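>>> Just a sequence and a predicted model for now, questions to come.
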Amino acid sequence: MDTISSLKLVSAQNIANILDYSSLIAAIEKSLANFSHRTDSGVNQPVRSVVIVPNSDGFLGCMPVYSREDDVLATKIVSFFPRNKDVPTHHAVVLVLCAQTGVPRALLDGDVITARRTAATSVVATKHLVNGEPKILAILGSGVQARSHYIALSEVFHFKQICIWNHRPEGAHKLADEIGNNCVACSKVSEAVEDADVIVTVTSAKDPILKAAWVKPGVHINAVGACRPDWSELEPELVNSAVVYVDSREGALKESGDIILAKAEIYAEIGEVINGTCEAKREQITIFKSLGMAIEDAVAAKLVLDKLTVND
Ligand SMILES: NC(=O)C1=CN([C@@H]2O[C@H](COP(=O)(O)OP(=O)(O)OC[C@H]3O[C@@H](n4cnc5c(N)ncnc54)[C@H](O)[C@@H]3O)[C@@H](O)[C@H]2O)C=CC1
Ligand SMILES: O=C([O-])C1=[NH+]CCC1
């Protein structure tokens with residue numbers, strides 16, 4: 001019988017071995033499209049609940065979702081303590097339950113899932129919104145998401161050059177060394193982004209780091225950090241000069257300082273572009289504001305569980 005005693009525990013190492021970007025990107029693309037159909041495609045996903053931990057900048061987020069198409073019922077619990085120094089800033093677990101009985105089936109480490117599904121989501125947005133074939137990638141930030149974004153984007157696009165900036169230069173140099181000879185560490189954001197076709201912002205900044213004056217016309221920006229309503233990575237002038245796409249309208253209007261502080265208009269969810277109900281305005285500056293959604297974690301966890309062998 002299916003009981004909690006048969007709960008499967010899945011480690012980060014196991015997930016890292018199993019969760020390949022090619023399957024993940026395809027699954028995420030489908031899930032973003034499904035999400036934007038809302039209840040028509042049987043997705044029930046409230047905006048995440050966030051519990052703030054005073055005097056730490058830290059928070060705990062609870063992210064439940066049900067998706068009929070994917071036959072998955074799951075919740076992620078994620079903490080973000082940006083001031084952590086000796087341990088990572090994010091920690092997460094994903095609990096998957098039987099969608100018919102509610103019995104917990106598996107508890108998965110959520111760190112690798114968070115790193116990879118976020119990058120896979122940016123890949124999907126970039127595929128749909130980038131103007132032509134991108135040659136230069138700029139990454140602002142040099143932590144976990146900077147690495148996963150470099151790997152995931154490089155699976156799909158062939159960049160001639162990658163420019164990294166980090167607020168602590170040693171972080172940018174370390175990542176540039178890891179990536180190798182088509183990668184440079186830049187000492188200024190303006191230098192990193194001036195020729196970029198795709199920009200990824202993956203920092204814990206609370207105030208804007210990227211300005212309108214520095215970017216090329218037609219650039220595509222994946223804005224991945226700044227997940228609090230009073231935090232932003234993008235200067236309001238930049239947000240208001242761009243066509244703004246989000247993962248979830250409700251989520252963006254509640255959580256995204258980049259959108260709330262700029263009083264920006266949201267043009268579409270990326271799922272609406274995938275579904276063909278909203279246009280990809282590729283010739284303009286496009287911003288994909290990513291906050292992260294439970295459905296991304298749920299489909300990633302399901303991929304892992306489906307690929308686990310009985311002995312794992
Ligand atoms: N949209 C989504 O689905 C997700 C978004 N995130 C967000 O992405 C961002 C990066 O996450 P990770 O790479 O996991 O974190 P990390 O802690 O590994 O890296 C953070 C990076 O930001 C830099 N940084 C720290 N304070 C800064 C400041 N005041 N100004 C500029 N840079 C600063 C650090 O040097 C480091 O390079 C965070 O804001 C995080 O909350 C993370 C997971 C999912
Ligand atoms: O979706 C997610 O896991 C997160 N978004 C911002 C911090 C963590």
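The structure has been received and is ready for your questions. Ligands and ions are numbered 1, 2, ... in the order given.
>>> so where's the stretch 201-312 of the chain uncertain?
Flagging of the stretch 201-312 of the chain using pLDDT under 70 yields the residue ranges 310-312.
>>> Would you pull up the residue in it closest to ligand 1?
Nearest to ligand 1 in the stretch 201-312 of the chain, going by CB to the nearest ligand atom, is G292, at a distance of 2.4 Å. From N, CA and C alone the C-beta is placed, and that goes for glycine too.
>>> and if you look at the stretch 101-250 of the chain?
Nearest residue of the stretch 101-250 of the chain to ligand 1, counting by CB to the nearest ligand atom: G143, 2.1 Å away.
>>> start to end distance for stretch 240-251?
19 Å (CA to CA, to the nearest Å).
>>> at contact distance from ligand 2, anything in that stretch?
No. Contact of stretch 240-251 with ligand 2 (CB under 6 Å from any ligand atom) is absent, the minimum separation being 9.0 Å.
>>> Would you mind finding the longest helix in the protein?
Using DSSP state H to assign secondary structure, the helix with the most residues in the chain is helix 111-129.
>>> list the buried ones in that one?
Across helix 111-129, burial judged by 16 or more other CB atoms under 10 Å covers 111-129.
>>> Name the next helix or strand downstream of that helix, please.
The helix or strand immediately downstream of helix 111-129 is strand 136-140, counting by DSSP states H and E.
>>> With just CA atoms, put that next one into CSV.
Extracted in CSV, the C-alpha atoms of strand 136-140 (Å, rounded to 0.1, in the frame of the first residue of the first chain):
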residue,chain,number,x,y,z
ILE,A,136,27.3,37.8,-27.0
LEU,A,137,26.0,36.9,-23.6
ALA,A,138,26.5,39.1,-20.5
ILE,A,139,25.9,37.6,-17.1
LEU,A,140,25.6,40.0,-14.1
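>>> Spell out which residues of the stretch 201-312 of the chain are next to ligand 1.
Contact residues, the stretch 201-312 of the chain versus ligand 1 (CB under 6 Å from any ligand atom): 202-205, 209, 224-225, 227, 290-292.
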